[in-house]
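1. Okay, here's the prediction I keep looking at, along with the sequence it came from:
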Amino acid sequence: MPNIAFINGKWGPVSSAKISIEDRGFQFGDGVYEVIRSHGNTLLDLKEHLERLHISAKALEIEVPYPMEMLEKIVRLGCKKCHFKDILIYIQLTRGAAPRDHAFPKKNRSTLVMTFRPHKPLPEVMRNEGVGVISTEDIRWAKCHVKSLNLLPNVMARESAKRMGAFESLFVREGKVMEGAGSNVFAVFGEKVMTPPEGPYILSGIMRDTVLKVGREKGLEMCEADLSLDDLYTADELFLTGTTVEVLPVVRLNDKPVGTGKPGRVSLLLYEAFHQFIQD
């Protein structure tokens, strides 16, 4: 079964899917997106992802061409059509195709694209041994809470991490750690687990919210508070959260060991609690 795509009401293989070269998503990055995962038959936090898509679209004044209920039906239908066990669903919504002009077109149709592919989990060695991260200056715009297509700073940060032999880059703005290029970050101090608070420079991940919830259920003190780079250096543990990484231990920060230099107890506890949450 090939990877499949849905484009403005039409289904087909990803390999033959097409949109206009005048689409504003291609011309300007004028759009928003979401990434959703299925775990077996479970579509985790589907409504929360679709609600965030609507919130992001509203912030950029982009019309969502389908109501929430219909979007949910389309996602579920796509999962049935592709027959993959674990699925990665990518949704992209743009302002649509129009002659190139920076100002919004007066009349045009939004472009809605969904793709359904098999999810490829991270190598187990990453979970068992942890990953390294680097820090980088935050050069992004002032609406990072909108999940927009404008990801060039994130792309550059991830490439910097890759060249340094690390997995992720952490954005630092005015001395404060914001988030990763494609993840949220948590620091563990004893039984206290801290993550930067929501705000315009942080995309509050759906997985971030889930981890805060399951951590509190496990009796951990889950806090949202500012973190400096020095705080991260003194943490007992660090870990990343995200739709594709789930809960991923960090054992090196700028080539300095974090804690014992090995994945910690709290990271493992939250990873297991998350999977129990899915089963429940």
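-> Arrived safely. Keep in mind the model is a prediction, meaning the values are calculated, not measured.

2. Quick check: neighbours of the helix or strand of the chain with the lowest mean pLDDT in the sheet, parallel or antiparallel?
-> Every helix and strand in the chain was compared by mean pLDDT, DSSP states H and E; the lowest is strand 42-43, with a mean of 89. Strand 42-43 sits in its sheet next to strand 31-39 (antiparallel), going by DSSP bridges.

3. Domains in this structure, by residue range?
-> 4-118, 124-279 (automatic domain parsing).

4. and the ones you listed as a markdown table, adding mean neighbour count?
-> Heads up, the C-betas are built off the backbone N, CA and C, glycines and all. Shown next, in a markdown table, are the domains of the chain (neighbours: other CB atoms under 10 Å):
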| stretch | mean neighbour count |
| --- | --- |
| domain 4-118 | 16 |
| domain 124-279 | 18 |
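
5. Can you name the residues that contact A161?
-> Counting by CB atoms under 8 Å, 6 or more residues apart in numbering, A161 makes contact with V133, I134, F167, E168, S169, A181.

6. One more pass at 7 Å, please.
-> V133, I134, F167, E168, S169 (CB atoms under 7 Å, 6 or more residues apart in numbering).

7. just checking, which of these belong to helices?
-> In helices, judged by DSSP state H, none of the contacts of A161 are found.

8. I'd like to know which of those residues is nearest to A142.
-> Taking CB to CB as the measure, A142 lies nearest S169 of those, at 19.2 Å.

9. ok, and the closest non-adjacent residue to the closest one?
-> A157 (3.7 Å; CB to CB, 6 or more residues apart in numbering).

10. would that neighbour count as being in a helix?
-> Yes - counting by DSSP: H, G, I helix; E, B strand; the rest coil, A157 is part of a helix.

11. What separation is there between V14 and P257?
-> 41 Å (CB to CB, to the nearest Å).

12. ok, H54 touching V64?
-> Yes - contact criterion CB atoms under 7 Å: H54 and V64 qualify, at 5.8 Å.

13. Could you list the low-pLDDT ranges of this protein?
-> 1 (pLDDT under 70).

14. mind listing the helices for it?
-> 24-28, 46-59, 68-82, 124-129, 152-163, 206-217, 229-234, 265-279.

15. Check the spacing between E124 and G130 real quick.
-> Distance of E124 to G130, computed by CB to CB: 12 Å.

16. Sorry, wrong one. I was asking about V258.
-> 8 Å.

17. got the contact list for K81?
-> I4, W11.

18. go on, the one 4 residues further on?
-> Residues in contact with K85 (CB under 7 Å, 6+ apart) are G40.

19. just to revisit the earlier point, turn the helices of the chain into JSON lines, columns for distance to V113.
-> Converted to JSON lines, the helices of the chain look like this (distance: least, CB to CB, whole Å):
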{"stretch": "helix 24-28", "distance to V113": "8"}
{"stretch": "helix 46-59", "distance to V113": "12"}
{"stretch": "helix 68-82", "distance to V113": "11"}
{"stretch": "helix 124-129", "distance to V113": "29"}
{"stretch": "helix 152-163", "distance to V113": "19"}
{"stretch": "helix 206-217", "distance to V113": "20"}
{"stretch": "helix 229-234", "distance to V113": "37"}
{"stretch": "helix 265-279", "distance to V113": "27"}
